[in-house]
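Enquirer: predicted model and sequence below, questions to follow.
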Amino acid sequence: MPEHFDIPEKIWLPISGESRVNLHPKTPQTLADCDVVSLPLKFQAKVPGRYLCQIVLRSLRDVRVHLVECMVHGVGTDGELEMVTPALQSVTQDIPLINQTLQDWKLHGVIEGKDFHGPSVIYVRAGERMGYPLMFRPISQCTTLGRLVLQNETDGTEHIFGLKGIGTKPLALDHVVIDCQVRQITQKVLMVPNYTQTRLRCKVVSDMSMISGPPALDIKPGHTVPYPISILPWKRGTHTGVISFVGEDGKQQQPQNDNTGEKADGEQVLQLSREASCTLSDSSSLGHFKALAYEVWFSLEVNCSPAPPVSVISVECTVQNSVTVEIPVTNPTKETLRLDVCLLGDDLSGERHLVVSPEESILYQAKFAPAVTGRKTASVIFQSDAVGEFWYELELIADRPLPTTLPECRCELGKWTREFISLVNPTDETLELETFNSNTRNFSVEIDPKRPLIVAPHSTTRVPVQFHPSALGKANHTAWITFKCPQLQEWNFYMSGIGLFPGLMEPLSISTCVGSHSSVIVPFRNPTDDSVLVDVLLTETVVPYRRNCVKYHRWSLFVVNIFTFNFTEMSMISGILLTPKAKLDIPVIFAPDSMKLCKAWVIVHMVKQNGRSWKYNPHDHLAADLRRIVRLHNVAIKSIRWVYPINGIPEAAFSSSSPAVIRCQARSRIEDRVEVLLTGCVPGLSSLAVTRDQTEEIYLLLPERISVLLMTQPSRPATADEFLYEIQFESDDARAQLEPSVALSLLGKERDAQTGIVTLIFNIIFAPYKPLRCSAVLAVQCATGGVWKFPILLSSTEPKVDDVINIEATGLNKASMVGFRLTSQTRYPESFTAYFVPGSGQEFEVLPRSGELLPIGSAGTLITISFTPTMYSKRHRATLVIQTADMQWTYEVNGVPPRYTPPSPGTSAAVSSGPVRTVSVQQRNFVRENLQLRTTAASSPIKGQPLTIRSK
């Protein structure tokens, strides 16, 4: 290793005195001083080890060789190790030893410090790596300091390691599971070891009051002794705890699962570690050891099964109902007894605490409300620290739910009514129900028969059921609606209904132009289960019922001939045979000859084909409370009739002239007057008075004992000068788009006395928000019933641009951007789309193209426009449109070439796109514009009215 040694290149040796001539002999002292020369040698090593070197001295007459061996030892320690493990547990750390020399190593391990262990000799072969296993195994909570010295016998070096060991709280020696029964003693033996070299007397501590045993235990060194324990539980369940054995020479210990004890033990270990915080290399700290008391402990799990019950009580109840269970509880002591009550059972409920006075007996009430059928077992447990635990076993039997009777349905014959069945699911399970109907002729359940009915947990589902009577009175109008599922088995609902005499059917309306005709179909269905003969009649008045009406089979005696309504060509209008449930379509033609509302009634008269009568009991018509008082006898019904009101609305011929055009620019407002002429057969002044809401008589074909029902409403005169008007749109979408933008009001009306033509003057306010074009109809209806329709065209052109945005280019093929913020016109966010109209330059781009505009009053949504020119020789222009459901903004965007700056000597300019430049754009202030209006807008409920008060 010559690199670690340094000597001079040449040295001079003097001539020995013995070889000189004519010299006097010298003494040994003189010889030593004159004939010896010192060779300066410099040695420098960076790491500890053994260093060998040969020094060769050569001259013309001599060669000398000197062998130099240097041993280098390290200063201080090679490292510090801290090892932490629970008491009575071991942890091992391998210290790496790398032999990079060509000789095998033999190392001696010298360990100083308690509870550290390792081999005394270890061999490391040349060029190999090996670990020295150092183990730390404390027998108690402690902190100990030590040192490991590895002496290399081969090269004489030493490696020193500082050691610090911390023993924390010991782990449980074992987890002991004990099975026992309430109020019975169970024995168990624990084996307790002594790992120390001294005799120990351990104090026994436990946090479980049901555990008992000797208070102390003596253990010889290195021995394991049995410790018997007795377990006497007072309540059921799984109880956990610990039992500790602590040497009496140590500090008082608390049970292991006590939070206060754990905190105290942790503070003690921390204090031990602080006391041993001195430098490990300090020789005065070697052998430092401080520990807490010796301790071992076991974790206990006691599974306590209940004692036999006081008694077994059988309880039976139907699902969806509840029953109360009474349990006697007696306090035999002379002190107040407080009991905790535990109910084991999903369907049980009751008080959780019970107080019993001294020497008193009371009844504890538990409620059983089953939700699922079946048989199960439940428990009512009473627990107290004074008397322990006693309990009662309940045999719970849940039967299928009782049938539910729903209110009686009442419906006219030929119509239907809907009732609902409420299915309540109070359980945590999902009910999948199959539906069964015993009477599909009169009752129909409105669900999908191919899929099960799902009732979610803790929810209520309403099932609609339609009732179609097939006879008068009760007849066979009964049904069982059954729902089946595994949880409830069967859930039955009983439904019944009464068929009432038919009254007026729903009115039908038909409209056509004067001089033309139109038709409508009156649908009729035989609701009974008998084959019947039907007579169809058309009349303008319904003749009041008389006693002998039921004897007539030719109803034409009561029909007034009319010409406005008529039947189409039918094979017959009397004596039509209809089988049960068969249908008959009755076509009626309306051909008005004047602009007057026409009314008629289609009467369907039905009798049995075999000539028999229908059995009917008027008692069924009475309310439930009157049925108990009034008694009526059965009657025979020969015939039944249905009356269909028909309203004929005449219309004037649709004008073929050009429609009135209302046109303005979008986001502006225009008012225009439209005059319409109501031509046709308009009544004169002498016949203008008509009766509105005339008295209508509804006659039911009832027996002699039942009176005729008259529906009379107060009437008031109305004139033909009264008109109703509205704007009719082509579709619902057009209505939703235009209705807020259009307002219509009647300004005046004039009548020509000679011709009877009425002129109406309307004021139309049109205020569109965006460009559109839509056709509509102005419909006018006279109080006498006539309808006139006039076409109008609503059109709005492109609005003026809201602002002009100029974007200065930064260079060819380089994007320059500007941004502005925009808000919606409401307090809520609105969806928008942004686009450039066709013909705009391709150099422009807008982001985002769609999104939401923030509500008014906020900072607004950022809209960014980028401009990337490819040439400067043309004009760059685009039109940006931002559109919402109700609004539209338009901006003119211009691309401007960059400003030319003449170059100056010694300067250079760098061109970059830079950040987004923010500009402000004009956004219309609709509040300010509304303040300038003189009349109300289209969206106002009082359209077109003045906003200023005029003084008279």
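Expert: It's in. Numbers count the residues shown, from 1 in each chain.

Enquirer: now the end-to-end length of stretch 177-197.
Expert: End-to-end distance for stretch 177-197, by CA to CA, to the nearest Å: 31 Å.

Enquirer: now do that stretch, average pLDDT.
Expert: For stretch 177-197, the mean per-residue pLDDT is 92.

Enquirer: list the buried residues in that stretch.
Expert: Ile178, Cys180, Gln181, Val182, Arg183, Thr186, Lys188, Leu190, Val192, Asn194, Tyr195 (16 or more other CB atoms under 10 Å). For glycine as for every other residue, the C-beta is placed from the backbone atoms N, C-alpha and C.

Enquirer: check which helix or strand the closest residue to Val380 other than its chain neighbours maps to.
Expert: The shortest distance from Val380 to any non-neighbouring residue, by CB to CB, 6 or more residues apart in numbering, is to Tyr392 (4.9 Å). Here Tyr392 sits within strand 388-399, counting by DSSP states H and E.

Enquirer: from the contact counts, what lies against that strand?
Expert: strand 312-318, strand 361-368, strand 374-384 (3 or more CB pairs under 8 Å, 6 or more residues apart in numbering; DSSP states H and E).

Enquirer: adjacent strands (with direction) for the helix or strand hosting Ile111?
Expert: Take DSSP H and E as the rule and Ile111 turns out to sit in strand 105-112. According to DSSP bridges, strand 105-112 forms sheet pairs with strand 121-124 (antiparallel), strand 142-152 (antiparallel).

Enquirer: I'd guess Leu433 is in a helix, am I close?
Expert: No - looking at Leu433 with DSSP: H, G, I helix; E, B strand; the rest coil, it is strand, so not inside a helix.

Enquirer: which stretches in the stretch 601-750 of the chain count as strands?
Expert: 614-616, 635-637, 639-651, 660-665, 670-678, 690-692, 696-697, 710-711, 716-718, 723-729, 742-751 (DSSP state E, counting those that start in this stretch).

Enquirer: burial of the residue lying closest to Cys664 once chain neighbours are set aside, as a residue count?
Expert: Leaving aside its sequence neighbours, Cys664 sits nearest to Ile670 (CB to CB, 6+ apart; 3.8 Å). Look at Ile670: counted by other CB atoms under 10 Å, it has 14 neighbours.

Enquirer: repeat for Arg64
Expert: Neighbours of Arg64 under the rule other CB under 10 Å: 10.

Enquirer: contacts only, for it.
Expert: By CB atoms under 8 Å, 6 or more residues apart in numbering, the contact set of Arg64 is Val56, Leu57, Arg58.

Enquirer: export the buried residues of stretch 177-197 to a markdown table and tack on distance to Asp78 and secondary structure?
Expert: Listed next are the buried residues of stretch 177-197 as a markdown table, based on distance: CB to CB, whole Å; DSSP: H, G, I helix; E, B strand; the rest coil:
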| residue | distance to Asp78 | secondary structure |
| --- | --- | --- |
| Ile178 | 52 | strand |
| Cys180 | 58 | strand |
| Gln181 | 63 | strand |
| Val182 | 63 | coil |
| Arg183 | 66 | coil |
| Thr186 | 57 | strand |
| Lys188 | 51 | strand |
| Leu190 | 45 | strand |
| Val192 | 42 | strand |
| Asn194 | 37 | coil |
| Tyr195 | 32 | coil |
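
Enquirer: quick one on the thing from earlier: ok, so of the contacts of Arg64, who is nearest Ala809?
Expert: Checking the contacts of Arg64 against Ala809 by CB to CB gives Val56 as the nearest, at 85.3 Å.

Enquirer: average model confidence for the strand holding Ile111?
Expert: Mean predicted confidence for strand 105-112 is 91.

Enquirer: over to stretch 149-163?
Expert: 86.

Enquirer: could you list the buried residues of it?
Expert: Buried, per 16+ other CB under 10 Å, within stretch 149-163: Val149, Leu150, Asn152, Thr154, Thr157, His159, Ile160, Phe161, Gly162, Leu163.
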